[in-house]
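**Q** Let me see the structure of the following:
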Amino acid sequence: MTGYEGGRTSRRHWLRAVGAVGALGVLAAVDPERSAFIPQCPWLMLTGLYCPGCGTLRAIHQLLHGNPAAMLHLNLLLVVLFLAAPILALKPRLLRSPLLSRGIVAVVLSFWVLRNVPVAPFTRLAPAERQAPFFERLATQ
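**A** Here you go, the predicted structure:
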């Protein structure tokens with residue numbers, strides 16, 4: 001590897017960092033709950049069911065505004081990601097482990113299913129009130 005290639009890699013890391021800080025700045029300034037600028041989850045719009053990522057932008061917005069309790073309510077899986085990210089960043093080899101990969105898939109799929117079960121205590125995993133699917137809303141108009 002030449003010094004130039006290392007410089008390109010370093011530049012890419014800086015560009016990613018600047019992009020992430022910029023995205024966080026926009027997310028801090030714009031409330032995803034009230035903004036037409038940030039679209040609603042397409043999976044939720046089409047099916048009326050929450051995906052594992054539903055509520056993530058609103059959760060990060062709440063965290064940036066110093067409201068971790070609201071973040072917990074909006075997407076509990078995000079908290080697990082925040083806790084796991086430093087470990088995985090320090091030990092990227094762990095991501096190559098088939099056992100860990102299967103575990104991550106199992107956790108995400110379980111979260112996806114359980115947050116859509118309309119029975120307590122699973123309703124606490126849902127980020128908001130359930131909406132009718134897009135096609136159902138169209139039919140009632």
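**Q** what's the domain layout of this protein?
**A** What automatic domain parsing lists as the domains of the chain is 1-30, 39-140.
**Q** can I get the ones you listed in CSV with mean neighbour count and mean pLDDT?
**A** C-beta here means a position set from N, CA and C on the backbone, and glycine is covered the same way. Formatted as CSV, these follow (neighbours: other CB atoms under 10 Å; pLDDT from 0 to 100):
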stretch, mean neighbour count, mean pLDDT
domain 1-30, 10, 76
domain 39-140, 14, 84
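**Q** moving C-terminal of the stretch of helix or strand residue 62 belongs to, what's the next helix or strand?
**A** Using DSSP states H and E, the element containing residue 62 is helix 56-64. Downstream of helix 56-64, the next assigned helix or strand under DSSP H and E is helix 68-74.
**Q** in this structure, which helix has the most residues?
**A** Determined from DSSP state H, the single longest helix within the chain is helix 3-29.
**Q** angle of that one against helix 56-64?
**A** Using axes from the mean of the first three to the mean of the last three CA atoms, to 10 degrees, the inter-axis angle of helix 3-29 relative to helix 56-64 is 80 degrees.
**Q** Could you identify the helix or strand that succeeds helix 3-29?
**A** Heading C-terminal from helix 3-29 (DSSP H and E), you reach helix 42-47.
**Q** Give the other helices and strands that that following helix contacts.
**A** helix 134-140 (3 or more CB pairs under 8 Å, 6 or more residues apart in numbering; DSSP states H and E).
**Q** and the helix or strand containing residue 84, how far from the chain's centre?
**A** Using DSSP H and E, residue 84 maps to helix 76-90. Offset of helix 76-90 from its chain centre (CA atoms, centre = their mean, to the nearest Å): 12 Å.
**Q** Remind me what the helix holding residue 62 packs against, helices and strands.
**A** Helix 56-64 packs on helix 3-29, helix 68-74, helix 76-90, going by 3+ CB pairs under 8 Å, 6+ apart.
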